[in-house]
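S.K.: How does the following fold in three dimensions:
(one chain, ligands or ions: 2)
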Amino acid sequence: MENKTDFQYPHTFVLLGASGDLAKKKIYPTIWYLYRDNLLPKNTKFIGYARTKQSLEDIKEKSKKYIKVRPGEEKKLEEFWKANDYVTGSYDKRTDYELLNQHISKFEKGPTANRIFYLAVPPTVFEDVTVNIRNACIAIKGYTRVIIEKPFGRDDESSDKLSSHLASLFKEEQIYRIDHYLGKEMVQNLLTLRFANQIFSPSWNRENIASVLISFKEPFGTEGRGGYFDSFGIIRDVMQNHLLQILSLVAMEKPVTLNPNDIRDEKVKVLRHIKPIQLENVLVGQYVGNPNGQGEEKLGYLDDPTVPKGSVTPTYAITVLYIDNSRWQGVPFILRCGKALNERKAEVRVQYKNVPGDIFEGHAKRNELVIRVQPGEALYLKLMSKSPGMKFDLLETELDLTYSVRYKETDVPDAYERLILDVFTGTQMHFVRNDELKEAWRIFTPVLKELEEKHIKPLSYVYGSRGPPEADAKLAECDFKYSGSYKWQKPTPS
Ligand SMILES: NC(=O)C1=CN([C@@H]2O[C@H](COP(=O)(O)OP(=O)(O)OC[C@H]3O[C@@H](n4cnc5c(N)ncnc54)[C@H](OP(=O)(O)O)[C@@H]3O)[C@@H](O)[C@H]2O)C=CC1
Ligand SMILES: O=C1O[C@H](COP(=O)(O)O)[C@@H](O)[C@H](O)[C@H]1O
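M.R.: Numbering: from 1, shown residues only. Ligands and ions are numbered 1, 2, ... in the order given. Model prediction:
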């Protein structure tokens, strides 16, 4: 029963895997912020469910250090915990879910009541959990929605299997596949920037744009999470999902309307124009420890005791994709991601071509539109200007929209906050549809297999560096020009 989104009805939010890391670090804090800001239906009950025998007090204690409470909010936080419960149960026994169902039903007064299940559980128990929700916990007087977290399989075959499994249990409108990058402010802004500004539309194509670079950088390594990471690698962890989602929003055609399915139709369409990636268009890297004397000592990937000896799993990757349509033919879309690098950063750089018929003797540098997703949301357009004053020199400068300066009073919500609220309101615009996922795996599976089968050894890079030295040459090869001459003059607050 869909469409009973009215906030007056009782809602139950069940967090499966409530004893885990994601739950304590992300989901409990997120539902607290939504509750604190009165964004959820008044009558919402939160139920944590996991195998661990523990009390709600234990959950409170574990998530305490991740939950931000401002002065004066203590009473509200107490109220929030009163709306919480914890139920111990297995993931594979139907009887446990029947007990969970009875527990939920106790709060469901009135003719309508909705249920949301958040699956913060490992992929190994995923099938059991979904089958049991379907068999024992479906809402009979309202909607049932399930939120699922990646990994959505590890290749086309396993992902298809998972999709068929889900499709046998739920309708697509009930399934909310989270890619938390779709909840980030600047990723959501892409649609507005592109389609609400006439200034960009006419130049957003192969006639004007030389290359597009979409980057993700993290300044820490696997640090004890090597077991999980090693069987996936950075391409599956970040590139095949977060970066490809950004690419589809940067490259898609204008949707017919803002209806979530119209938008997702366009995202799928642009992905369909991309051929599976060729090995020659991929460069992979793996970090090694930093040598003595280079700051704080850091271990290399292979020194992590949770990583199998001799692993060739990439912790860094650059991939070049080409979109074979009339807008983008020949324009390199470079996806680049890595762990244990010199900084935390996620951004899109749209680099324009050189000015044709340059009268400035080669001094006019390329325009570049930078969409900084994190940290510190910003949008800046690098352009050439006359140096102010008597001189007639060229100056590289920028039009700069830095959120912390321009929107001082606005708190940018966390991605999970937006996305979980979307599930309550029933909007799937920022969630991954089944066919998008299929296209993503079609593009990536062959090269992932080839890397594994050929046991391709990644290039080494030092923990805390910008990545393998060879990576910049790859960027240059893909018509991404870095001149090194641009200097940003940070505005001084007035
Ligand atoms: N609103 C704001 O907050 C604004 C901030 N700025 C800041 O000013 C600084 C400079 O601006 P930015 O646009 O980054 O300008 P640059 O053109 O100087 O680009 C700098 C980036 O280029 C990359 N780079 C360095 N060496 C090479 C190389 N050999 N080949 C290819 N790429 C290379 C590095 O990123 P990587 O390691 O990822 O490759 C580096 O961060 C940045 O810190 C930026 O954040 C600028 C404008 C506005
Ligand atoms: O999905 C993932 O994303 C995080 C990075 O998320 P961010 O919001 O902090 O940028 C990454 O650390 C993790 O490996 C990956 O699985």
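
S.K.: Which positions in the stretch 51-200 of the chain make contact with ligand 2?
M.R.: Residues of the stretch 51-200 of the chain lying close to ligand 2 by C-beta under 6 Å from any ligand atom are residue 180. C-beta: built from backbone N, CA, C; applies to glycine.

S.K.: Tell me who's in contact with the residue in the stretch 51-200 of the chain that ligand 2 sits nearest to.
M.R.: As assessed by C-beta to the nearest ligand atom, ligand 2 sits closest to residue 180 within the stretch 51-200 of the chain, at 5.9 Å. Contacts for residue 180 (C-beta atoms under 8 Å, 6 or more residues apart in numbering) come out as 242, 415-416, 419.

S.K.: can the residues you listed go into TSV with extra columns for distance to residue 161?
M.R.: Below are the contacts of residue 180 laid out as TSV (distance: C-beta to C-beta, whole Å):
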residue	distance to residue 161
242	23
415	28
416	27
419	25
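
S.K.: returning to what we had before: how about the residue of the stretch 51-200 of the chain closest to ligand 2, phi and psi?
M.R.: Torsion angles at residue 180 (phi, psi; degrees, to the nearest 10) stand at phi -70, psi -20.

S.K.: what does residue 368 give?
M.R.: Per-residue torsions, residue 368: phi -140, psi 130 (degrees, to the nearest 10).

S.K.: That one - how many residues pack around it?
M.R.: Residues near residue 368, counting by other C-beta atoms under 10 Å, number 21.

S.K.: Then residue 165?
M.R.: 14.

S.K.: Quick check: it touching residue 127?
M.R.: Yes: if you go by C-beta atoms under 8 Å, residue 165 and residue 127 touch, sitting 5.9 Å apart.

S.K.: How is whichever residue of the stretch 151-300 of the chain sits closest to ligand 2 assigned, secondary-structure-wise?
M.R.: The stretch 151-300 of the chain approaches ligand 2 most closely through residue 237 (4.6 Å), counting by C-beta to the nearest ligand atom. Classification of residue 237 by DSSP: H, G, I helix; E, B strand; the rest coil places it in helix.

S.K.: again, but for residue 128
M.R.: When classified by three-state DSSP, residue 128 comes out as helix.

S.K.: so who does it touch?
M.R.: 91-92.

S.K.: any idea how far residue 357 is from it?
M.R.: The spacing between residue 128 and residue 357, counted by C-beta to C-beta, to the nearest Å, is 65 Å.

S.K.: so where is this protein shaky, pLDDT-wise?
M.R.: Along the chain, the model assigns pLDDT under 70 to residues 1-5, 293-294, 493-494.

S.K.: if we go to 90?
M.R.: For the chain, the stretches with pLDDT under 90 are 1-8, 122-123, 223-228, 290-297, 358, 361-362, 409-411, 489-494.

S.K.: Ligand 1 contacts on that one?
M.R.: 215, 217, 345, 370, 376, 378, 380, 398, 400, 402, 466, 472, 475, 482, 486, 488.

S.K.: check which helix or strand covers the fifth one.
M.R.: Under the assignment given by DSSP states H and E, residue 376 is not contained in any helix or strand.

S.K.: For it, give me its contacts.
M.R.: So residue 376 contacts 402-404 (C-beta under 8 Å, 6+ apart).

S.K.: just checking, which of those belong to helices?
M.R.: 403-404 (DSSP state H).

S.K.: which one of the contacts of residue 376 sits closest to ligand 1?
M.R.: Using C-beta to the nearest ligand atom, residue 402 comes nearest to ligand 1 of the contacts of residue 376, at 3.5 Å.

S.K.: now residue 149: how far from residue 238?
M.R.: 14 Å.

S.K.: Next: residue 286.
M.R.: Relative to residue 238, and taking C-beta to C-beta, residue 286 is found at 15 Å.

S.K.: The two: which has the busier surroundings?
M.R.: Counted by other C-beta under 10 Å, residue 286 and residue 238 do not tie: residue 286 has more neighbours, with 26 against 22.

S.K.: Just the buried subset of the residues of the chain next to ligand 1, written out for ChimeraX, thanks.
M.R.: Per 16 or more other C-beta atoms under 10 Å, the buried members of those correspond to this ChimeraX selection:
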select :215,217,345,370,378,380,398,400,475
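
S.K.: so of the residues of the chain next to ligand 1, which ones are in helices?
M.R.: Those of the residues of the chain next to ligand 1 mapping onto helices are 472, 475, per DSSP H.

S.K.: Sounds good, over and out.
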